[in-house]
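*Asks:* Dropping the sequence and predicted coords here.
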Amino acid sequence: MAKKVVTGEVRLSWPELFEAKVAPGATVPKFSVMLLIPKTDKKTVKALFDAEKATAEEQKDKFGGKVPAKLRSIIRDGDGEDDDGELWSDRFPERKGHYFMTVSANERYKPGVVDAQLNPIVDPSEVYSGVYARVSLMPFAYNEQGNRGVSFGLRNVQITRDGEPLGGQSKPEDDFEALDGADLI
C-alpha cells in the first residue's frame, strides 16, 4: 500500500485550502496548493521520488501490469524549462533552487489546516502564497486519457511560519500606518 509522505518545510503558492474551486478546464471542485520544495531538503526530495517509484510498482495494475518506461511525474524542476523552452525561474523567480508540484484533494476530502502547535486555522488570510508549511501527501498511480503516472493527493497542512508574500502582494500593515481621528481631517 502506498505510503504517506510528510514533507519538511516547504513554501505554499496559490493555496486554495478553505474552499474547493473548479480549476480551468476541470469540472470537479478541489482544494489545491502548489508546493515549493527546496532542493537542499534532500530528505523530502528523496521521500517524494521514492514514493513515486514505489507507488508505480505497487499499483502497476493501473498500467496493465507493467510500469511504463515513460512515467509522468508532477514533480517539476524550478530551474528547468517549461513546455515552451523558457526557464521556470525566469517567469517565477521563487521557483529557483526548488522543485515544485501542485497537489489537490477532492471537495469531499477537505484538508486539515493547523498551526505549528496543531491548533486549527480558520482564517484563510493566515494561509497565503509565501507562507511556510509542512504537508502530508498520499501517492497514487493514474492512467487517464493516455496519461500514465504517479501523483500525490493532498491530505493535511501545518503552517510553520510566516514568509514574504509571493507575487508582489503586500500586507496592509506594510502599506499603511495606523491613523487616529486627527489624521483623517
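*Replies:* Yep, it's here. Numbering: from 1, shown residues only.
*Asks:* what about residue 102, helix or strand, and which?
*Replies:* strand 98-106 (DSSP states H and E).
*Asks:* The residue lying closest to residue 68 once chain neighbours are set aside bridge partners, please.
*Replies:* In space, and not counting its chain neighbours, residue 68 is closest to residue 148: 5.1 Å by CB to CB, 6 or more residues apart in numbering. Where C-beta positions appear, they are placed from N, C-alpha and C, glycine not excepted. Under DSSP bridges, the beta-bridge partners of residue 148 are residue 143.
*Asks:* Next one: residue 148 from residue 48, what distance?
*Replies:* Here residue 148 is placed at a distance of 18 Å from residue 48 (CB to CB, to the nearest Å).
*Asks:* more neighbours, those two?
*Replies:* residue 48 (24 against 18; other CB atoms under 10 Å).
*Asks:* Show me where the protein has its strands.
*Replies:* 5-6, 10-21, 30-38, 72-73, 76-77, 98-106, 112-114, 132-144, 147-161 (DSSP state E).
*Asks:* Tell me which residues touch residue 124, please.
*Replies:* When the contact criterion is CB atoms under 8 Å, 6 or more residues apart in numbering, the partners of residue 124 are 17, 18, 19.
*Asks:* among those residues, who's most crowded?
*Replies:* residue 17 (22 neighbours).
*Asks:* Touching, that one and residue 156? I think so.
*Replies:* No: using CB atoms under 8 Å, residue 17 is not in contact with residue 156; the gap is 9.8 Å.
*Asks:* just to revisit the earlier point, out of the contacts of residue 124, the closest to residue 81 would be?
*Replies:* Nearest to residue 81 among those is residue 17, at 29.3 Å by CB to CB.
*Asks:* For that closest one, give its distance to residue 157.
*Replies:* Taken as CB to CB, the span from residue 17 to residue 157 is 6 Å.
*Asks:* Overlap of the contact sets of these two?
*Replies:* In contact with both residue 17 and residue 157: 33, 111, 113, 127, using CB under 8 Å, 6+ apart.
*Asks:* Appreciated, that's everything.
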